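Q: coords below, sequence missing:
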Ligand SMILES: O=C(O)CCC(=O)C(=O)O
Ligand SMILES: [Fe+2]
């Protein structure tokens, strides 16, 4: 796929620099595959609780299926979710992806292949808006560390008192989100105000994550977002988080740094970054701020 033909650079630059989020129509991922995936995720969440609980995270590891705690804290997130690392292949846990129902496993696998192509093209275009050769970033992300989160927000009798997903920025480079049935609920914070995202038909939502903010040395910003729940409608989304390879150093791009533009962030390996990121509660740029140089 030729990224230049698919994405218009100027539009991409203005949408992302101001917002850190945009929607991608004409993304080229086949709609029959998306339908299969939608149905497979929905079927998974309709399984009896016992079946889903087979994927409960192992101690000390956040990967697997989790559901809201009954009678838990008032503000605990009202979402069933399934999170797992999917790439590189050797990092996949044997009791998760391979044990998913066949329809979900197969459609998800095919979806990830398509989405990686899209993400690589998109990252190349984003790099070019910074006057950086697209291959520089593409090499970092090809066969990089990727993870998936499938979110199921059940209908909620008192939605005004409940949060679907706490306000946060993604720790990733970029996240590609697919909204099954386009049900409302995603909100983004712009200039201190929460704004509901109005989904375009058949479009992906793309979030810039903290790693991209760091790499661009603050020229792009990651987006703060949260999810609200609906009284009568369930909501399903699937986010794929794209990160560089594990051995890549996370820090500002060399070519953006000079006397006038000193690095705003420290540099660490992705491995170390992820350990630090996941040792904190889901939140807004907390680890990004930890990596900031000269924080006052
Ligand atoms: O459900 C959504 O639309 C957003 C999900 C999300 O932000 C996440 O999984 O990080
Ligand atoms: Fe997110």
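A: Right, received. Where do you want to start? Predicted model only: the values in this text are computed from it and were never measured. Ligands and ions are numbered 1, 2, ... in the order given.
Q: and the residue of this protein nearest ligand 1?
A: residue 237 (3.4 Å; Cβ to the nearest ligand atom). C-beta: built from backbone N, CA, C; applies to glycine.
Q: Would you verify that that residue is located in a strand?
A: Yes: checked against DSSP: H, G, I helix; E, B strand; the rest coil, residue 237 lies within a strand.
Q: residue contacts, it?
A: 150, 151, 177, 178, 179, 180, 186, 227 (Cβ atoms under 8 Å, 6 or more residues apart in numbering).
Q: What is the neighbour count of the nearest residue to it once chain neighbours are set aside?
A: Closest residue in space to residue 237, ignoring its immediate chain neighbours: residue 151 at 4.8 Å, by Cβ to Cβ, 6 or more residues apart in numbering. When neighbours are defined as other Cβ atoms under 10 Å, residue 151 has 24 of them.
Q: which residues does residue 151 contact?
A: Residues near residue 151 by Cβ under 8 Å, 6+ apart: 79, 80, 81, 164, 165, 227, 235, 236, 237, 238, 239.
Q: just residue 225 next, same as before
A: Here residue 225 is in contact with 21, 167, 168, 169, 186, 187, 188, 189, 207 (Cβ under 8 Å, 6+ apart).
Q: same question, residue 194
A: Taking Cβ under 8 Å, 6+ apart, one finds 187, 188, 226 in contact with residue 194.
Q: Looking at the residues you listed, which are in strands?
A: If you go by DSSP state E, the contacts of residue 194 have 187, 188, 226 in strands.
Q: ok so, going back, out of the contacts of residue 151, the closest to residue 157 would be?
A: Relative to residue 157, the closest of the contacts of residue 151 is residue 164; by Cβ to Cβ it sits at 13.9 Å.
Q: Which residues does the closest residue to the closest one other than its chain neighbours form beta bridges with?
A: The spatial neighbour of residue 164 that comes closest, neighbours along the chain excluded (Cβ to Cβ, 6+ apart), is residue 227 at 3.5 Å. Applying DSSP bridges to residue 227 gives these bridge partners: residue 165, residue 186.
Q: I figured residue 227 hits residue 183, correct?
A: No: counting by Cβ atoms under 8 Å, residue 227 stays clear of residue 183, with 10.4 Å between them.
Q: who has more neighbours, those two?
A: With neighbours defined as other Cβ under 10 Å, residue 227 and residue 183 compare such that residue 227 has more, 22 against 16.
Q: Do you know the pLDDT at the more buried one?
A: What the model reports as pLDDT for residue 227 is 97.
Q: repeat for the one 4 residues further on
A: The predicted local distance difference test score for residue 231 is 93.
Q: show me the contacts for it.
A: 155, 156, 157, 158, 159.
Q: what do you get for residue 120?
A: Residue 120 touches 138, 141, 142, counting by Cβ under 8 Å, 6+ apart.
Q: before we move on, what about residue 232?
A: residue 155.
Q: can you list the residues of the stretch 151-296 of the chain near ligand 1?
A: When proximity is defined by Cβ under 6 Å from any ligand atom, the stretch 151-296 of the chain lies next to ligand 1 at 151, 165, 170, 177, 186, 225, 227, 237, 239.
Q: The third one is in contact with residue 206, isn't it?
A: Put plainly, it is residue 170. No: if you go by Cβ under 8 Å, residue 170 and residue 206 don't touch, sitting 10.5 Å apart.
Q: coming back round to it: mind listing the shared neighbours of residue 227 and residue 183?
A: Contacts common to residue 227 and residue 183, judged by Cβ under 8 Å, 6+ apart, are residue 235.
Q: Show me where the stretch 1-150 of the chain has its helices.
A: 3-6, 9-19, 31-45, 49-53, 102-129, 134-141 (DSSP state H, counting those that start in this stretch).
Q: Can I get those helices in JSON lines including mean pLDDT and distance to ligand 1?
A: JSON lines is the format used below for the helices of the stretch 1-150 of the chain (pLDDT from 0 to 100; distance: least, Cβ to the nearest ligand atom, whole Å):
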{"stretch": "helix 3-6", "mean pLDDT": "47", "distance to ligand 1": "23"}
{"stretch": "helix 9-19", "mean pLDDT": "76", "distance to ligand 1": "15"}
{"stretch": "helix 31-45", "mean pLDDT": "97", "distance to ligand 1": "12"}
{"stretch": "helix 49-53", "mean pLDDT": "95", "distance to ligand 1": "17"}
{"stretch": "helix 102-129", "mean pLDDT": "96", "distance to ligand 1": "15"}
{"stretch": "helix 134-141", "mean pLDDT": "97", "distance to ligand 1": "18"}
